[in-house]
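> test case, fold it:
(2 chains)
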Amino acid sequence: MIFLSFFKTLVGKEIAVELKNDVVLTGTLHSVDQYLNVKLMNVQIINPEKYPQLTALQNCFVRGSVVRYIQIPPEHVDTELLQDAARKENAPASAASSSAN
Amino acid sequence: MEEPLDLIRLSIDERVYVKCRGKRELRGKLHAYDQHLNMILGDVEETVTSTEVDEETDEEIVKKQTRKVGMLFVRGDIVVLVSPPLRTG
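Below you'll find the predicted structure:
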């Protein structure tokens, strides 16, 4: 759940979502769920000449599975916190619980 | 119990090479990952390789496009392989 928690800290921030079909949407992150579906507000298409049918979008929901990348403003990321969380999340089973054998 | 993902755990805070689907390669500092291989990379350089066939000579022309991104979340389902710390750029 590390990325769900992480994206929740980015709610209200400007992000760029690159989809697997090469469309890039920028917008304000409104919400995110466990599947990493995202809802964006004030959407802008980065390459409108290629996808004119999308220019009318203002708000949109993006299914998590079609996302390739999400570009995040680095100034909003506490990398140390993130690394510690990742180490904890992926801790070896022996360290995570002593009852496992 | 040692498992494959342990290798990636030891690469946190190191620069890694990530090969993705669609002839994409990423190099960047690994900040976080999960069991799906979703990842957050910092100071990323993405290389996309494409080939075109020259109409006249029928030769394949390999094109490499690179771009830099400060902080990038990568969805795990496009990841093909992850290789630990690079000593070269």
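> going forward, measure contacts between C-alpha atoms and count neighbours the same way
Will do.
> what residue in chain B is the furthest from its centre?
Note on chain B: the largest C-alpha distance from the chain mean falls to residue B:56, namely 33.7 Å (CA atoms, centre = their mean).
> report the separation between that residue and chain A.
Relative to chain A, residue B:56 is positioned 28 Å away (criterion: CA to the nearest CA, to the nearest Å).
> might you report the residue contacts of that residue?
Neighbour list for residue B:56: empty [criterion: CA atoms under 8 Å, 6 or more residues apart in numbering or on different chains].
> also residue B:5?
Contacts of residue B:5 were listed using CA under 8 Å, 6+ apart, and they are residue B:35.
> how far is the helix or strand where residue B:8 lies from where the chain is centred?
With the criterion set as DSSP states H and E, the secondary-structure element containing residue B:8 is helix B:5-9. For helix B:5-9, the distance from its own C-alpha centre to the chain's C-alpha centre is 16 Å (CA atoms, centre = their mean, to the nearest Å).
> what do you get for stretch A:13-32?
Between the centre of stretch A:13-32 and the centre of its host chain there is 8 Å, according to CA atoms, centre = their mean.
> report the buried residues of it.
Residues A:14-19, A:23-32 are the ones in stretch A:13-32 that count as buried (16 or more other CA atoms under 10 Å in any protein chain shown).
> hang on, the earlier thing: so the residue farthest from the centre of chain B: helix, strand or coil?
Using DSSP: H, G, I helix; E, B strand; the rest coil, the structure places residue B:56 in coil.
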